[in-house]
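Participant: need coordinates for the following:
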Amino acid sequence: MKFDNIGFIGLGLIGGSIARKIKINNPDARIIATAGHESTITQAYEIGLIENNMILPLDEFDSCDVIFLCAPVTKNIEYLTQLKDIISPSCIITDVGSTKTQIHETVTALGLEHNFIGGHPMTGSEKTGLLNSNAQLLENAYYIITPTAQSDEQDIEDFKAFVSSLGSIALVLGYEEHDHATAAISHLPHMIAYSLVNLIENIDSENETMKKIAAGGFRDVTRIAASSPEMWESICRSNRTQLLSLMDQYEKAFSRLRHLVDAGDSDALMKYFEDSKNYRDSLTLPGTKIRKDYHEIFVDLADEAGGIAMLASLLAFNGISIKNIGIINNREFDEGVLRIEFYDDKALEEAIDVLLERNYTIHRR
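Facilitator: I've put the predicted structure just below:
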């Protein structure tokens, strides 16, 4: 698979970030794009990201080695139908959508299984659009690859190598397994967050006492309810079957917890919470190994020059040594946060005290 002539249909946050990284890795790569807004193409051309300075008709993509579909899932399916008679026999079409069943079924119906390899970079931001894209957005993020039954093995290996060149971690899954897994760890939590926010809004008093005192716990659990309503409406439609199944399972799980609370069974409640805590503590960020000896925190930083230097100087002034430090871009957090690792628990706790005294926001895992 070649990556010399590349097309993007849609060039927002994800597509733009992939294109930027491609240009860094291969400045000679020829990239063309089309988008829903002329301004996006103009911006991309002015920063030297693409070759064309106007919206292109799809027949201009006939010489592409690879085409990235970066529009909403339903629009990508429409583009597939139009591209079928345009692309060369060796062209690979991929997408970046967060649901896969619909597009794979369409690929099969169109007879494009040899030309399609699904993709889902599991990264993002609350910000959108080309101007918010950056070449580092995909670093250390899982990039799920969903081949078809007819995908060429060498094409899959080449695509995995491409994913690695973006700084991402390739993970090959069947499209149904992908949709089930993402429904569980992404789509269902968003539904829970949205429903919890709506519940509090509906039961709050006239003077909005609950809204006034909403603090860390509520904000942490419901942060993702600030995501794009349009995007999540689309996800609910495109992954409806998997999501409904998991919502039913969640209702049963929550009913079980309600039963334990109602019964006042202290031992059972303790085990329930301990099991949950142990599993949560075992989660790791992409690319890291499960370890029990991490002494780390994640710190929100203001987007201003010298923020990292100021924090590091503050810790050094207090005699606290840093073992490792780096910026993490992951959906677990609102934006990129600073990961700081210490040599032992003593240094970790001292650092937390110092930073909290200066009103830094700290996350622990």
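Participant: what number of residues lie near the closest residue to residue 154 other than its chain neighbours?
Facilitator: Distances taken as Cβ to Cβ, 6 or more residues apart in numbering put residue 1 closest to residue 154, at 7.4 Å, once the chain neighbours are dropped. Backbone N, C-alpha and C define where each C-beta goes, glycine included. A count of nearby residues for residue 1, using other Cβ atoms under 10 Å, gives 17.
Participant: what separation do you get for residue 6 and residue 36?
Facilitator: Separation of residue 6 from residue 36 (Cβ to Cβ, to the nearest Å) stands at 19 Å.
Participant: more neighbours: which of the two?
Facilitator: Remark: of residue 6 and residue 36, residue 6 carries more neighbours, 23 against 15, as counted by other Cβ under 10 Å.
Participant: for that one, report the pLDDT, please.
Facilitator: The per-residue pLDDT reported for residue 6 equals 97.
Participant: same check on the one 4 residues further on?
Facilitator: pLDDT recorded at residue 10 is 93.
Participant: what does residue 97 give?
Facilitator: At residue 97, the model reports a pLDDT of 90.
Participant: before we move on, which element is it in?
Facilitator: With elements taken from DSSP states H and E, nothing contains residue 97; it lies in neither a helix nor a strand.
Participant: going forward can the numbers begin at 53, since that is how I track them
Facilitator: Renumbered: residue one is now 53, and that last one reads residue 149.
Participant: ok, it - contacts?
Facilitator: By Cβ atoms under 8 Å, 6 or more residues apart in numbering, the contact set of residue 149 is 121, 124-125, 128, 155, 170, 172, 290.
Participant: list just the nearest of these to residue 371.
Facilitator: Minimum separation from residue 371 among the contacts of residue 149 (Cβ to Cβ) is found for residue 172, which lies at 44.9 Å.
Participant: the closest one: which element?
Facilitator: Of the helices and strands defined by DSSP H and E, residue 172 is found in strand 169-173.
Participant: elements contacting the helix or strand that comes right after that strand?
Facilitator: Next along the chain after strand 169-173, taking DSSP H and E as the criterion, comes strand 194-199. Packed against strand 194-199, as judged by 3 or more Cβ pairs under 8 Å, 6 or more residues apart in numbering; DSSP states H and E, are the following elements: strand 169-173, helix 205-217, strand 221-224, helix 227-234.
Participant: tell me the gap between the longest one and the middle of its chain.
Facilitator: Spelled out, that is helix 205-217. 20 Å (Cα atoms, centre = their mean, to the nearest Å).
Participant: output the contacting helices and strands for it.
Facilitator: The criterion is 3+ Cβ pairs under 8 Å, 6+ apart, and the helices and strands that helix 205-217 contacts are strand 144-147, strand 169-173, strand 194-199, strand 221-224.
Participant: and with 10 Å instead?
Facilitator: helix 65-77, strand 118-121, strand 144-147, strand 169-173, strand 194-199, strand 221-224 (3 or more Cβ pairs under 10 Å, 6 or more residues apart in numbering; DSSP states H and E).
Participant: and if you look at the third one?
Facilitator: Counting by 3+ Cβ pairs under 10 Å, 6+ apart, the packing neighbours recorded for strand 221-224 are strand 169-173, strand 194-199, helix 205-217, helix 227-234.
Participant: next: the last one.
Facilitator: The contact analysis (3+ Cβ pairs under 10 Å, 6+ apart) places helix 227-234 against helix 153-162, strand 169-173, strand 194-199, strand 221-224, helix 292-315.
Participant: list the buried ones in stretch 317-336?
Facilitator: By neighbour count, and taking 16 or more other Cβ atoms under 10 Å as the criterion, stretch 317-336 has no buried residues at all.
Participant: and what of stretch 226-233?
Facilitator: Those buried within stretch 226-233 under the rule 16+ other Cβ under 10 Å are 227, 230-232.
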